[in-house]
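Novice: Sequence first, then the predicted structure, then my questions.
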Amino acid sequence: MAEQQGGDSPYKLVISLTVLDDLGDKLYSSIPAVLSEAVANAWDADAREVSIQIDFATKTIVITDDGVGMDLNDVNDKYLTVGYRRRESGQVTTALGRHVMGRKGIGKLSLFSIANDIEIQTVKLDENGTAVVNGRHRFLMCLEDVRKSAKDRGEYRPVPLSLEGIEIKKGTRLKLSNLRRTPIATTIPALRRRLARRFSIIGSRHGFSVVVQGSPIDVADRDYFNQLQYLWLIGDVGDEFEGQISKVEKSGTIPGQIVVDDMTYSVTGWIGTFDEQRSIVEGDNTVVVHAWGKLLHEDLLSEVKAGGLYTKYIIGEIRANFIDLDDKPDIVTTDRQHLIEDDPRFQSLVSWLKATVLSTVEGIWGDWRAEDSLSRALTIDAVKDWHATLSPDNKRFAKQLFAKIGKLHLADEDTKGELYRNAILAFEKLRLREELMKIEELPEDADLMVVGKIFSGIDEIEAVEYHSIAKSRLAVIDAFSKIVDEDQKEKIIQQYIFDHLWLLHPSWERASTNARIEEAVIKEFENVELTDEEKRGRIDIRYKTAAGKHIIIELKRASVSVNVYDLSKQLAKYREALLKCLEDKFPQEPIAVEVISILGKPPTGLDAEAMSKTMDPINARYITYDTLIKEALDSYREYLEADQRVTKLMGILDRL
């Protein structure tokens, strides 16, 4: 700590512990919110520049402005007086003609929300550039001492520091140390964005510069104008946003007048919509309210509770000075971030947003999105190639289709691509259906080329769909193949094999079963005599039909080891039981039967060729879990590689 000046401290802060708790160290929750109060104070002090420097090594924050500074009376009667209401003293505008932002006189306490120690340097000059009498001060406030004094007697004397340590020529410098919240590197871009969005008076046109880590903040730091698709300017904003909205595709205007208690007030600002949901980061889907250049309400949109899809894309800024008129009651909450909701001015603002602003946006947004949807879709090469194949009439219908897609809530590019893919395939099916309907109108001597064209269309769509099915199956099996644990493989195959026989053979598309036959066969299987060891080794046995044959599938535990002769005998019993059931009860059924046993490892007793000869007479075979997966993978890979029917349509869809 710097050397203290001799004598009693000339500085005096009078505060109760309750006020300190409610309005000081608990008032704000973030560094950007606290520093916003310091920026507002610099504006009120007629500063042309305020600089914020965060030192991550020493964990200090220094805020320096070149404003008017303070003499001793200013320090005690204004800065250190909690609740000093500048506007009520008649000081509504500054020497530079600025309307002051501060109203409650509690902003200085917010610094204790993030720092335990605050050093203040201030220098006030006269019109000749010389420090006025008692115009140079440097003192320290420590939260721990403030709390102790507030608890004991309510009067705190900040510690005077040597004036030799003053490093500024004019204005005020605040050094926050012993921070209660540790700043991190990500604080800087967040701070720049937060300050840029909380103040509409930053920039050369207002004569007020805010510098963070040596770099001035500008409108671009708000980081949303470059992502807006549509924009509506509210009221008379002049050329303020020129140069910032070059990427906006369409724009409009909205009247900026609100009537409250027979008084008409002007409002300005803008409402924009993002092109896609992914462009919206957390906290951006809001409409903020500013008064006198500073944010006073963080989200007016949530008060309206509008339900249209367009509201999910909205962001905006309303500048309504009438909310904070000097001769009207203060309706801003203590944290200066929200408005009191039951005030007539606030209610009028909400009603105006709904009736004038949102109704305008809702009526136009959908039409604009529909108009732009086709052009946006055609920026995708695959869609463009497909669109080029359409007739003029079908292009008109395609435009309507893309208009509907354009209005949908899409999470990401993959979702959009899949939607385009399915939409194009559906469109092709509808187009084919129209062609099929034309067959009824064909004369008896119609050219076979017409019919041939329709069959070609069917082949094309079927090829696309089966190609898609094969790719999906391959992806599932490929993921399945990566499972190492044998017990997991066993459980998954047990759960899915009976209803997905294509795992055993691609031609076995759908397992089907006659319920009457299945019930009879199951009863017959129950009568098959098995040894205790055979029963323990079996997980399940099912009867299915596919490709015109009766199929028996037995699952054995992956850990079980079986002899090929024992396995053949067991499978022969199942086959005989099935044939007996068919002969006795369903003689009209074909008698083609295949028996398959799925094992954890190959049977013992013979080599592979001899095993095959042993099991062939009963049309039985075995397959291991790993071989099943490998053969399924190979089958579908071979199909996809060998399928030479990859049509133009399929090529387009695959690119999506």
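Specialist: Nice, thanks for sending it over. Numbers count the residues shown, from 1 in each chain.
Novice: residues of stretch 240-255 that come out buried?
Specialist: Glu240, Gln244, Val248, Lys250, Ile254 (16 or more other C-beta atoms under 10 Å). Using the backbone N, CA and C atoms, a C-beta is placed for each residue, glycine as well.
Novice: go on, stretch 357-376?
Specialist: Across stretch 357-376, burial judged by 16+ other C-beta under 10 Å covers 357-358, 360-361, 364-366, 368-370, 372-374, 376.
Novice: ok, so what distance separates the residue with the largest distance to the centre of the chain from Asp284?
Specialist: When distances are taken from the C-alpha mean of the chain, Asp584 lies farthest, 64.3 Å away, according to C-alpha atoms, centre = their mean. Asp584 is 74 Å from Asp284, where distance means C-beta to C-beta, to the nearest Å.
Novice: again with Leu96
Specialist: Between Leu96 and Asp284 the distance is 33 Å, computed by C-beta to C-beta.
Novice: among the buried residues of stretch 357-376, which are in helices?
Specialist: Thr360, Val361, Ile364, Trp365, Gly366, Trp368, Arg369, Ala370, Asp372, Ser373, Leu374, Arg376 (DSSP state H).
Novice: Could I get the residues you listed in TSV, plus columns for distance to Met101 and pLDDT?
Specialist: TSV is the format used below for those (distance: C-beta to C-beta, whole Å; pLDDT from 0 to 100):
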residue	distance to Met101	pLDDT
Thr360	30	93
Val361	29	93
Ile364	34	91
Trp365	34	89
Gly366	39	82
Trp368	37	86
Arg369	38	82
Ala370	43	76
Asp372	40	82
Ser373	44	78
Leu374	48	77
Arg376	42	78
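Novice: Which members of the residues you listed are the farthest-apart pair?
Specialist: Using C-beta to C-beta, these span at most 24.2 Å, a distance reached by Thr360 and Leu374.
Novice: can you list the weak-confidence ranges in the stretch 301-450 of the chain?
Specialist: Scanning the stretch 301-450 of the chain for pLDDT under 70 picks out 334-337, 406-414, 429-450.
Novice: Which element, helix or strand, includes the residue farthest from the centre of the chain?
Specialist: Asp584 belongs to helix 564-585 when assigned by DSSP states H and E.
Novice: Give the next helix or strand downstream of that helix.
Specialist: Immediately after helix 564-585, counting by DSSP H and E, sits strand 593-599.
Novice: quick check: angle from whatever helix or strand comes next after that following strand to helix 564-585?
Specialist: Going down the chain from strand 593-599, the next helix or strand is helix 608-615, by DSSP H and E. Per axes from the mean of the first three to the mean of the last three C-alpha atoms, to 10 degrees, the angle that helix 608-615 makes with helix 564-585 is 30 degrees.
Novice: Could you tell me which residues within the next helix or strand after helix 608-615 count as buried?
Specialist: Sequence-wise, the next helix or strand downstream of helix 608-615 (DSSP H and E) is strand 620-624. Of all the residues in strand 620-624, those buried under the rule 16+ other C-beta under 10 Å are Ala620, Tyr622, Ile623, Thr624.
Novice: Which two of those have the greatest separation?
Specialist: Taking C-beta to C-beta, the two most distant members of these are Ala620 and Thr624; they sit 14.9 Å apart.
Novice: helix/strand/coil for Val560?
Specialist: The local conformation at Val560, judged by DSSP: H, G, I helix; E, B strand; the rest coil, is coil.
Novice: my bad, should have said Ala150
Specialist: When classified by three-state DSSP, Ala150 comes out as helix.
Novice: For it, give its distance to Asn422.
Specialist: Distance of Ala150 to Asn422, given as C-beta to C-beta: 67 Å.
Novice: give the contact list for the closest residue to Ile497 other than its chain neighbours.
Specialist: Here the nearest residue to Ile497 in space, its sequence neighbours aside, is Leu503; by C-beta to C-beta, 6 or more residues apart in numbering that works out to 5.9 Å. Residues near Leu503 by C-beta atoms under 8 Å, 6 or more residues apart in numbering: Ile477, Ile493, Tyr496, Ile497, Leu628, Ala632.
Novice: Give me the neighbour count for the first one.
Specialist: By the criterion of other C-beta atoms under 10 Å, Ile477 has 21 neighbours.
Novice: Ok, the third one next?
Specialist: The burial count assigned to Tyr496 is 12, neighbours taken as other C-beta under 10 Å.
Novice: Would you confirm that it belongs to a helix?
Specialist: Yes. Per three-state DSSP, Tyr496 lies within a helix segment.
Novice: Disregarding flanking residues, what is the spatial nearest neighbour of it?
Specialist: In space, Tyr496 comes closest to Leu503 once its chain neighbours are excluded; the distance is 7.3 Å by C-beta to C-beta, 6+ apart.
Novice: Let me know the pLDDT of that neighbour.
Specialist: What the model reports for Leu503 is a pLDDT of 74.
Novice: Next, work out how far apart it and Lys544 are.
Specialist: Distance, Leu503 to Lys544, by C-beta to C-beta: 12 Å.
Novice: Looking at the buried residues of strand 620-624, spot the one nearest Glu486.
Specialist: Comparing the buried residues of strand 620-624 against Glu486 with C-beta to C-beta places Thr624 closest, at 10.3 Å.
Novice: surely that closest one meets Ser597?
Specialist: No. Between Thr624 and Ser597 there is no contact under C-beta atoms under 8 Å: 9.9 Å.
Novice: Perfect, that will be all.
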